[in-house]
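S.K.: build me a model:
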Amino acid sequence: MTEKTTSPRMGRFNIVRQFMLLQRYGQNHPWTYMGRVTVAVTLYGAVLIGICAVPLFLFGNTTLAEAWPWLLVLFGSLVLGGAFGAGVGLFMLKWTTKDGAVPRDADPDTLRAAQRHLRKGVLSGDPETDRLARHLVPQARRGNSTKLLVVLFVVAAGPFLVLQVLRHIGGDGDPLALVLGAFMVVAFAIAWPFARKRKRNSARFAEAHDAEYGPPEHGNGPPAPEDGRPAQG
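M.R.: Below you'll find the predicted structure:
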């Protein structure tokens with residue numbers, strides 16, 4: 001199935017274009033990307049904590065000598081949390097792009113179109129767009145793994161949900177915690193079929209592409225440019 005769509009090229013400062021560029025850079029430079037994200041988030045959090053602490057010193061009875069221990073704890077927790085988040089993010093990024101990252105020279109508009117048609121599971125009719133989308137099929141399959149989603153849900157939300165149920169049975173449950181637990185369950189119930197559909201559409205796109213153009217010549221390697229020159233590594 002082919003769905004031919006034409007979209008105007010994105011402007012230089014278009015937010016979607018910037019996201020495409022960020023995605024391309026992050027997948028090709030995961031360590032640098034996650035390092036910069038960690039520094040940015042940590043600095044932002046430190047500034048936010050500082051802004052929130054200023055009123056305590058100006059209008060309250062708290063002195064810096066009294067506040068510095070818990071400020072130090074907050075900053076330390078922020079750094080550790082940022083490092084942990086960066087580690088998880090780096091692992092997920094490298095795991096998702098194991099079989100092929102976005103090519104370094106991918107055009108943002110082409111990347112946007114390729115991802116859109118890959119999500120729908122239909123060809124675009126443009127060979128360059130379809131070639132790039134086919135290159136991203138393994139990435140879409142890994143990123144929308146329903147098994148991984150179940151594992152993450154069990155590991156992240158399972159202990160919390162069990163604890164809250166036991167507390168509720170014992171008569172010591174927190175209504176707000178139960179609401180949070182219900183939200184986790186609903187979020188998973190929505191995310192699982194969504195990921196399953198995305199994964200199924202990526203497989204459908206791969207079948208349609210291979211039937212129309214033939215299997216990729218270079219496996220999961222970067223798509224070749226239109227002029228026949230090898231893609232940049």
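S.K.: from here on, contacts and neighbour counts on C-alpha atoms
M.R.: Will do.
S.K.: quickly find the element holding Leu152.
M.R.: helix 146-169 (DSSP states H and E).
S.K.: next one: that helix to chain centre, how far?
M.R.: How far helix 146-169 lies from its chain's middle: 21 Å, per Cα atoms, centre = their mean, to the nearest Å.
S.K.: and what of stretch 162-174?
M.R.: 33 Å.
S.K.: could you do stretch 101-112 as well?
M.R.: Relative to its parent chain, stretch 101-112 has a centroid offset of 17 Å by Cα atoms, centre = their mean.
S.K.: and the residue of the chain positioned farthest from its centre, how far is that from Leu74?
M.R.: Largest separation from the mean C-alpha position in the chain: Asn61, at 43.4 Å (Cα atoms, centre = their mean). Distance of Asn61 to Leu74, given as Cα to Cα, to the nearest Å: 20 Å.
S.K.: same deal with Gly11?
M.R.: From Gly11 to Leu74 the distance is 41 Å (Cα to Cα).
S.K.: quick one, which of the two is more surrounded?
M.R.: Leu74 (15 against 11; other Cα atoms under 10 Å).
S.K.: backbone dihedrals for Gly170, please?
M.R.: When read as degrees, to the nearest 10, the backbone of Gly170 gives phi -80, psi 0.
S.K.: tally of neighbours for it?
M.R.: 9.
S.K.: per-residue pLDDT, it?
M.R.: Looking at Gly170, its pLDDT reads 79.
S.K.: check Gly85 too.
M.R.: 87.
S.K.: does the closest residue to it other than its chain neighbours sit in a helix or strand, and which one?
M.R.: Among residues not flanking Gly85 along the chain, Thr38 sits closest, at 7.9 Å (Cα to Cα, 6 or more residues apart in numbering). If you go by DSSP H and E, Thr38 is part of helix 30-59.
S.K.: buried stuff in that helix?
M.R.: Neighbour-count burial for helix 30-59 flags Pro30, Trp31, Tyr33, Met34, Val37, Thr38, Thr42, Gly45, Ala46 (criterion: 16 or more other Cα atoms under 10 Å).
S.K.: can you add pLDDT and give those residues back as JSON lines?
M.R.: JSON lines is the format used below for the buried residues of helix 30-59 (pLDDT from 0 to 100):
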{"residue": "Pro30", "pLDDT": "92"}
{"residue": "Trp31", "pLDDT": "92"}
{"residue": "Tyr33", "pLDDT": "92"}
{"residue": "Met34", "pLDDT": "91"}
{"residue": "Val37", "pLDDT": "89"}
{"residue": "Thr38", "pLDDT": "89"}
{"residue": "Thr42", "pLDDT": "89"}
{"residue": "Gly45", "pLDDT": "88"}
{"residue": "Ala46", "pLDDT": "87"}
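S.K.: counting contacts, what elements does the longest helix that the chain contains pack onto?
M.R.: Criterion DSSP state H: the longest helix present in the chain is helix 175-213. For helix 175-213, the elements it packs on are helix 108-120, helix 127-135, helix 137-143, helix 146-169, judged by 3 or more Cα pairs under 8 Å, 6 or more residues apart in numbering; DSSP states H and E.
S.K.: right, I'll call it a day here.
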